[in-house]
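Peer 1: Structure for the following, please:
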Amino acid sequence: MIFSAKCEYAINAMLDLSISGAPSQPVQVRVIAGRAEIPEGFLEQIMADLRKAGLVESIRGAHGGYVLARAAEEINLADVIEAIDGPVTPGGCLRDSVDPSSGTSIAVIQDVWLDVRDCVMDVLSTMDLAHLREKLMRKRGASLASVTAEALATRP
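Peer 2: Now for the predicted structure:
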């Protein structure tokens, strides 16, 4: 199962917002793009998709930008992936035209792929942005407070 670069960028942007964004502190696309090394024009498209999916909100104005639409604990990887790449399928192996009760080898294999998809979705659905943020902080050896303070200090 491979996710697109667009999806990876979306996850990076959402993680950035979970660290440095707050309802009263929107983050501009150019700032996220710079920190996450994402082409700014491409990130604009991604943020539009995330906004349409109800995962981020855009704030207009000179100090505008984007904020998470819900708490980081309420947004999981499955939400982000499906907003960008659509439904999760294992390598495009699922077929629409297979009758699950047909007893053919294709139907049996289809059952296996459905089980794989369900297992992947279980993991993606339980992995929220808050959990990813904490894992990132541990790997970096920093606390959320210090990273948030650093991010806020580098804002224009």
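Peer 1: What's the first helix or strand after the longest helix along the chain?
Peer 2: In the chain, taking DSSP state H as the definition, the longest helix is helix 105-126. Downstream of helix 105-126, the next assigned helix or strand under DSSP states H and E is helix 129-140.
Peer 1: taking the mean pLDDT, what do you get for that following helix?
Peer 2: Across helix 129-140, pLDDT averages out at 86.
Peer 1: And it, what's buried?
Peer 2: By neighbour count on 16 or more other Cβ atoms under 10 Å, the buried set for helix 129-140 is Leu129, Ala130, Leu132, Arg133, Met137. To be clear about C-beta, it is placed using only N, CA and C from the backbone, and glycine gets the same treatment.
Peer 1: and that helix, what does it pack onto?
Peer 2: Other elements packing on helix 129-140 under the criterion 3 or more Cβ pairs under 8 Å, 6 or more residues apart in numbering; DSSP states H and E are helix 5-20, helix 144-153.
Peer 1: Only alpha carbons, please: show the first one as CSV.
Peer 2: Right, the one you point to is helix 5-20. Provided in CSV are the C-alpha atoms of helix 5-20 (Å, rounded to 0.1, in the frame of the first residue of the first chain):
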residue,chain,number,x,y,z
ALA,A,5,3.5,12.4,-2.2
LYS,A,6,0.5,14.7,-1.9
CYS,A,7,-0.8,12.6,1.0
GLU,A,8,2.6,12.6,2.7
TYR,A,9,2.7,16.4,2.4
ALA,A,10,-0.8,16.7,3.8
ILE,A,11,0.2,14.6,6.8
ASN,A,12,3.3,16.8,7.3
ALA,A,13,1.2,20.0,7.1
MET,A,14,-1.4,18.7,9.5
LEU,A,15,1.4,17.7,12.0
ASP,A,16,2.8,21.2,11.6
LEU,A,17,-0.6,22.7,12.4
SER,A,18,-1.0,20.4,15.4
ILE,A,19,2.3,21.7,16.8
SER,A,20,2.3,25.4,16.0
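Peer 1: Could you number the chain from 154 rather than 1 from now on?
Peer 2: Okay, using 154 as the starting number, the last item reads as helix 158-173.
Peer 1: which helices and strands sit right next to the helix or strand following that helix?
Peer 2: Note on helix 158-173: by DSSP H and E, the next helix or strand toward the C-terminus is helix 182-189. Taking 3+ Cβ pairs under 8 Å, 6+ apart as contact, the helices and strands that helix 182-189 lies on are helix 158-173, helix 193-205, strand 218-221.
Peer 1: Out of the ones you listed, which gets nearest to Ile234?
Peer 2: For the helices and strands packed on helix 182-189, proximity to Ile234 was assessed by Cβ to Cβ; helix 158-173 is nearest, at 5.6 Å.
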